[in-house]
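*Asks:* how would this look folded up:
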Amino acid sequence: VSKQVARLTLVTPPAGLVSLAAYVEKKGFSAEILDLYAIPRDNAGILERLHRNEPGFVGISCTTSIFLDGVRVAAMAKAALPGVKVVFGGAHVSALKGRILESFPEIDILVIGEGEEALAELMANGPENLSAVRGLMYRGKNGLPEFSGVRSISHCETR
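*Replies:* Numbering: from 1, shown residues only. All right, here's what the predicted structure looks like:
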């Protein structure tokens with residue numbers, strides 16, 4: 001019981017995900033956050049939300065320590081909604097880049113570096129023209145990882 005109490009009392013809101021969601025919502029898209037650290041292994045809840053919302057994209061942000069759990073969720077999303085595009089971001093992804101796409105077929109797109117603008121552009125453009133959105137890595141027509149290029153440094157809108 002003490003481990004569960006400690007886990008619940010030490011959980012902090014996922015500020016990075018909140019920032020991403022707020023930014024894409026400001027751009028006119030809807031976003032919903034599932035904090036799988038606060039509620040781990042909630043497979044039924046994940047599947048219920050996937051079927052209820054039928055999103056075009058499922059975004060997963062993760063560090064190295066929880067990367068494989070993110071892959072598990074990606075596989076669930078693909079099984080539940082075969083057409084969904086799974087987008088990964090976070091420090092682990094930015095460090096390993098193409099090696100992730102080579103090893104994990106559940107993942108379609110990587111956001112390298114800061115994600116707000118790249119994610120909003122990806123959602124606006126759709127998955128058909130990934131090369132037009134700077135900051136993405138994806139599988140090209142030959143199946144090999146391709147990088148769309150580094151995003152210019154800018155500051156996200158603050159208002």
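*Asks:* what about the strands in the chain?
*Replies:* Taking DSSP state E to define them, one finds strands in the chain at 57-61, 85-89, 109-111, 136-139, 145-147.
*Asks:* could these go into a markdown table alongside distance to residue 69 and mean pLDDT?
*Replies:* From N, CA and C alone the C-beta is placed, and that goes for glycine too. Below are these laid out as a markdown table (distance: least, Cβ to Cβ, whole Å; pLDDT from 0 to 100):
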| stretch | distance to residue 69 | mean pLDDT |
| --- | --- | --- |
| strand 57-61 | 9 | 94 |
| strand 85-89 | 12 | 97 |
| strand 109-111 | 17 | 97 |
| strand 136-139 | 21 | 96 |
| strand 145-147 | 22 | 96 |
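*Asks:* Now distance to residue 46 and mean neighbour count too, for those strands, in TSV please.
*Replies:* What follows is those, written out as TSV (distance: least, Cβ to Cβ, whole Å; neighbours: other Cβ atoms under 10 Å):
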stretch	distance to residue 46	mean neighbour count
strand 57-61	9	22
strand 85-89	13	24
strand 109-111	19	25
strand 136-139	24	21
strand 145-147	27	16
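*Asks:* Tabulate those strands (CSV), appending distance to residue 101.
*Replies:* Below are the strands of the chain laid out as CSV (distance: least, Cβ to Cβ, whole Å):
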stretch, distance to residue 101
strand 57-61, 14
strand 85-89, 9
strand 109-111, 7
strand 136-139, 6
strand 145-147, 5
